[in-house]
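Task: produce atomic coordinates for the following.
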Amino acid sequence: MSTQHLEEPPFDVSFDLDGRRVVYLDCRNALICSHEIFAAMVGVTADTVKSWMQTGTVPSVKMGRPRLVNLAQVRADLSRGKTIFVQGDYSDE
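Residues are numbered from 1 along each chain as shown. Now for the predicted structure:
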């Protein structure tokens with residue numbers, strides 16, 4: 001998988017072992033991503049994804065300071081047949 005180090009958001013997807021932001025140029029295997037990247041992937045605004053994360057519509061994890069979309073959970077739910085994500089689905093996380 002190709003990676004690239006960037007110094008400025010919103011292009012971060014993950015972090016390397018030294019704590020630097022890393023962009024996965026192929027996000028199909030990333031476990032987490034920023035709300036900006038997820039927004040670009042699904043074709044909505046970054047503010048929409050932030051709202052989805054706050055209302056528990058999409059799974060997210062807090063890693064340090066940022067809250068990130070949990071792509072691994074989204075993939076797992078999709079593979080189990082989930083087709084609709086609604087407010088509160090992930091409110092217990």
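
Residue 90: how many residues sit nearby?
Counted with other Cβ atoms under 10 Å, the neighbours of residue 90 add up to 20. In short, each C-beta sits where N, CA and C put it, glycine included.

and residue 64, how many neighbours?
Quick note: residue 64 (other Cβ under 10 Å) scores 8 neighbours.

Surely it forms part of a strand?
No - counting by DSSP: H, G, I helix; E, B strand; the rest coil, residue 64 falls outside a strand, being coil.

measure residue 31 to residue 73 for me?
9 Å (Cβ to Cβ, to the nearest Å).

So which of those two has more stuff around it?
residue 73 (17 against 14).

nearest residue to the more buried one other than its sequence neighbours?
Using Cβ to Cβ, 6 or more residues apart in numbering and skipping the chain neighbours, the partner closest in space to residue 73 is residue 59 (3.9 Å).

what sits against that neighbour?
Residue 59 is in contact with 69, 70, 73, 74, 77, 89, 90, 93, counting by Cβ atoms under 8 Å, 6 or more residues apart in numbering.

Could you verify my assumption that residue 66 touches residue 33?
No - contact criterion Cβ atoms under 8 Å: residue 66 and residue 33 do not qualify, at 10.5 Å.

Looking at the two, which one has more neighbours?
Regarding residue 66 and residue 33, a neighbour count based on other Cβ under 10 Å identifies residue 33 as having more, with 23 against 15.

Where do the strands of the chain begin and end?
3-5, 14-15, 21-24, 32-33, 60-62, 67-70 (DSSP state E).

Nothing else from me, thank you.
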